[in-house]
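Participant: Structure for the following, please:
(chains A and B)
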Amino acid sequence: MATDTTAVAMAMNEMKISPAAAYIEYCKKGQLAYQFCTDDNTAVFYPRVVAPKTGSRNLEWRVSKGLGTVYATTTTTDVKRGNPDYNVALIELEEGFRMMSRVEDIPSTEVKVGMKVKMRMHPGDDKNPPYPVFVPVEGGSK
Amino acid sequence: MSAQTQGLKRGSVAIVGAAEADLGQVVPETTPVDLMAQATLRALDDAGLKLSDVDGVFAAASQLSMASVDICEYLGLQPKYQDSTRIGGSAFMSLLSHAHMALQSGLCSVAMITYGSTQRIMTRAAASPREYNQYESPYRMRSPVGAYALAASRHMAQYGTTRDQIAEVAVSARKWALLNPRAWEKDPLTIEDVKNARPVSTPFTVRDCCLVNDGGGAIIVTTAERAKSLKKPPVYVLGSGECMSHRNITSMADLTVTGAAVSGPQAFKAAGLKPADVDVLGLYDAFTINPILFLEDLGFCPKGEGGRFVEGGRIAPGGALAVNTSGGGLSYCHPGMYGLMILIEQVRQVRGEAGKRQVKDCEIALAHGNGGVLSTQCTALLGSAATV
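Facilitator: Model prediction:
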């Protein structure tokens, strides 16, 4: 019988789940996950196989409290695709990492640099698995 | 942030030929390689050299993953040395450093650097397919404009930079373009026009964004010794610097400080010059915030003062500092990777060939390239024979 070369190769490989797949698994549970390099006590985002700078493999997964601040923001107009205006923002999480996201529940033009926000998991859509979005801390608890 | 410029000797090589390809919108079915070939032969004519003199080929193109190999096949060249470094629009300043290194090391004796794009006839979506990113794609940031808009939002919040100041960059570029017969834009533009144009990604409207054009160009670089006997006055490479700080905007440490803060000082140190010595600046203006960031980071004004610096026509024709005299990517021509077009304009300024937009007594030119989403920053300082 022919050898299942795919199964043999995969059994010999070190990685059993990719960083992106692990991240998505957390998202499906409603959690925003990041990595923490225990060599230099630094938050790492986006998730990786090895830590930047140290090259360490000592990356542990942690779940963020989801509290952050708007670092930068823009209102996107996309007339061609007929979408209503939407927000794109960079959010600084309290655990010390920054991510791209958007702020919902208020008009995008009211999103300001420095605004306190908290994470809400978006259920995803036909193109994307669940992904984190943010809402203002005040009045954002839907 | 990484750095590289060590070992390049000031003035050991010179740009001896420079030419644009057809610009703006080219005829149907033109390929990027057609434009590279056209520009290369024009640049060789400009230099008084023949195709058979070329033994170093340097090229980059957004539509070609092996640009130097494409142009070598097309022109029937088997050069001693070739390089297709592709790091976005700043690639051509980086390729100039690589050519400098290759010429200085004797790996080749006549180098060509070329670019071509048909992104207008092909559409930008076809010419520059988007890369999927698990951590950014779901948010549908319009790329690259959204990344620059985020940087602008941060600069405005942190330093009080105003919408009018940002718009003034586009207005200044347009005034220069009206002096350049090859510029795409032909009509005057006001701050109000910029602010009231079609919104794209706040604070930017379409008038804050570079043009989507076809085009390309080529420059010819050789050793200082050989340059002296050629047709045109040599434009010497005095110094260069580069810095790659991130790939995705989420990973940019501080959205108000670009790698130009590293590449600029490197180039000035290598050239033995300071900002006050520069007669003309070419700053990659993919979006209106760019020249503001680069004027700060390259040392022409303090951090946070860029918005106030450009007010009152300071970088427009007749202003205190000549910036983007071609009309820039905003109003002259932006064929996708614009860095080479900056080098061509700076060569013309140093030679005194810039017609109505010529800067008086122009001896030293700065060319600053930007690539990706403020990701790759490369600075070159060029000078006339009087500067070496």
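Participant: Give me the nearest residue to A:Arg30, chain neighbours excluded.
Facilitator: Actually, residue A:30 is Gly. It isn't Arg. Using C-beta to C-beta, 6 or more residues apart in numbering or on different chains and skipping the chain neighbours, the partner closest in space to A:Gly30 is A:Met121 (4.6 Å). The way it works is simple: take the backbone N, C-alpha and C, and place the C-beta from them, glycine included.
Participant: what sits against that neighbour?
Facilitator: A:Cys27, A:Gly30, A:Gln31, A:Leu32, A:Pro130, A:Tyr131, A:Pro132, A:Val133 (C-beta atoms under 8 Å, 6 or more residues apart in numbering or on different chains).
Participant: And B:Ile113, by the same measure?
Facilitator: Per C-beta under 8 Å, 6+ apart, neighbours of B:Ile113: B:Phe58, B:Ala59, B:Phe92, B:Leu95, B:Leu96, B:Ala99, B:Ala218, B:Ile219, B:Ile220, B:Val221, B:Leu340, B:Leu343.
Participant: related to what we said a few turns ago, surely the residue nearest to A:Gly30 is within a helix?
Facilitator: No. Counting by DSSP: H, G, I helix; E, B strand; the rest coil, A:Met121 falls outside a helix, being strand.
Participant: ok, what's across the strand from it?
Facilitator: A:Pro132 (DSSP bridges).
Participant: all helices for chain B, in order.
Facilitator: Applying DSSP state H to chain B gives helices spanning B:32-47, B:67-75, B:91-104, B:119-122, B:124-127, B:145-159, B:163-177, B:191-196, B:224-227, B:260-271, B:289-297, B:306-310, B:328-331, B:339-351.
Participant: I'd like these laid out as JSON lines, including mean pLDDT and distance to chain A.
Facilitator: Shown next, in JSON lines, are the helices of chain B (pLDDT from 0 to 100; distance: least, C-beta to the nearest C-beta, whole Å):
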{"stretch": "helix B:32-47", "mean pLDDT": "98", "distance to chain A": "25"}
{"stretch": "helix B:67-75", "mean pLDDT": "98", "distance to chain A": "29"}
{"stretch": "helix B:91-104", "mean pLDDT": "98", "distance to chain A": "23"}
{"stretch": "helix B:119-122", "mean pLDDT": "95", "distance to chain A": "16"}
{"stretch": "helix B:124-127", "mean pLDDT": "85", "distance to chain A": "10"}
{"stretch": "helix B:145-159", "mean pLDDT": "98", "distance to chain A": "4"}
{"stretch": "helix B:163-177", "mean pLDDT": "98", "distance to chain A": "13"}
{"stretch": "helix B:191-196", "mean pLDDT": "98", "distance to chain A": "14"}
{"stretch": "helix B:224-227", "mean pLDDT": "98", "distance to chain A": "40"}
{"stretch": "helix B:260-271", "mean pLDDT": "98", "distance to chain A": "17"}
{"stretch": "helix B:289-297", "mean pLDDT": "98", "distance to chain A": "11"}
{"stretch": "helix B:306-310", "mean pLDDT": "98", "distance to chain A": "16"}
{"stretch": "helix B:328-331", "mean pLDDT": "98", "distance to chain A": "19"}
{"stretch": "helix B:339-351", "mean pLDDT": "98", "distance to chain A": "25"}
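Participant: what's the most buried one of the ones you listed?
Facilitator: helix B:328-331 (a mean of 30; mean count of other C-beta atoms under 10 Å in any protein chain shown).
Participant: Can you name the residues in contact with that one?
Facilitator: For helix B:328-331, using C-beta under 8 Å, 6+ apart, the contacting residues are B:169-170, B:173-174, B:176-177, B:183-185, B:189, B:207-211, B:283-286, B:288, B:324, B:338, B:341.
Participant: wait, doesn't B:Cys301 sit right on B:Phe309?
Facilitator: Yes. With contacts counted by C-beta atoms under 8 Å, B:Cys301 reaches B:Phe309, the gap being 4.2 Å.
Participant: quick one: low-confidence parts of chain A?
Facilitator: A:139-142 (pLDDT under 70).
Participant: which bits of it sit near chain B?
Facilitator: Within chain A, the residues that sit near chain B (C-beta under 8 Å from any C-beta of the partner chain) are A:20, A:23-24, A:45-46, A:71-79, A:83, A:86, A:88-90, A:98-102, A:109, A:112-114, A:122, A:124, A:127-128, A:131.
Participant: Longest helix in chain A, please.
Facilitator: helix A:19-28.
Participant: which is the next helix or strand following that helix?
Facilitator: strand A:33-37 (DSSP states H and E).
Participant: which strands and helices sit next to that following strand?
Facilitator: helix A:19-28, strand A:42-44, strand A:59-63 (3 or more C-beta pairs under 8 Å, 6 or more residues apart in numbering or on different chains; DSSP states H and E).
Participant: Take these and write them to JSON lines, including mean neighbour count and distance to B:Asp34.
Facilitator: JSON lines is the format used below for the helices and strands packed on strand A:33-37 (neighbours: other C-beta atoms under 10 Å in any protein chain shown; distance: least, C-beta to C-beta, whole Å):
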{"stretch": "helix A:19-28", "mean neighbour count": "17", "distance to B:Asp34": "40"}
{"stretch": "strand A:42-44", "mean neighbour count": "18", "distance to B:Asp34": "46"}
{"stretch": "strand A:59-63", "mean neighbour count": "15", "distance to B:Asp34": "49"}
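Participant: out of the ones you listed, which comes closest to B:Met156?
Facilitator: strand A:42-44 (27.2 Å; C-beta to C-beta).
Participant: packing partners for that closest one?
Facilitator: Packed next to strand A:42-44, using 3+ C-beta pairs under 8 Å, 6+ apart, are strand A:33-37.
Participant: follow-up on the earlier one: identify the contacts common to B:Cys301 and B:Phe309.
Facilitator: With C-beta under 8 Å, 6+ apart, B:Cys301 and B:Phe309 have common neighbours B:Leu295.
Participant: Read off the pLDDT value for B:Phe204.
Facilitator: Looking at B:Phe204, its pLDDT stands at 98.
Participant: Distance check, it against chain A.
Facilitator: 8 Å (C-beta to the nearest C-beta, to the nearest Å).
Participant: residues contacting that residue?
Facilitator: B:Val145, B:Tyr148, B:Ala149, B:Ala152, B:Phe287, B:Thr288.
Participant: Please enumerate the strands of chain A.
Facilitator: A:33-37, A:42-44, A:59-63, A:67-78, A:83-93, A:98-101, A:116-122, A:131-136 (DSSP state E).
Participant: Give me the contacts around the shortest one.
Facilitator: Think strand A:42-44. Contacts of strand A:42-44 (C-beta under 8 Å, 6+ apart): A:Tyr34, A:Gln35, A:Phe36, A:Cys37, A:Ala51, A:Pro52, A:Leu59, A:Arg62, A:Leu93, A:Glu95, A:Gly96, A:Phe97.
Participant: Which strands border it, and is each parallel or antiparallel?
Facilitator: When DSSP bridges is applied, strand A:42-44 pairs with strand A:33-37 (antiparallel).
Participant: hmm, who's touching the partner strand?
Facilitator: Here strand A:33-37 has contacts from A:19, A:22-23, A:26-27, A:42-45, A:47-48, A:51, A:54, A:56, A:58-64, A:93, A:95, A:97, using C-beta under 8 Å, 6+ apart.
Participant: repeat that for 6 Å
Facilitator: A:23, A:26, A:43-45, A:47, A:51, A:54, A:56, A:59-64, A:97 (C-beta atoms under 6 Å, 6 or more residues apart in numbering or on different chains).
Participant: and if you look at stretch B:36-52?
Facilitator: Counting by C-beta under 6 Å, 6+ apart, B:16-19, B:21, B:71, B:74-75, B:112, B:114, B:116, B:216-220, B:230-231 sit against stretch B:36-52.
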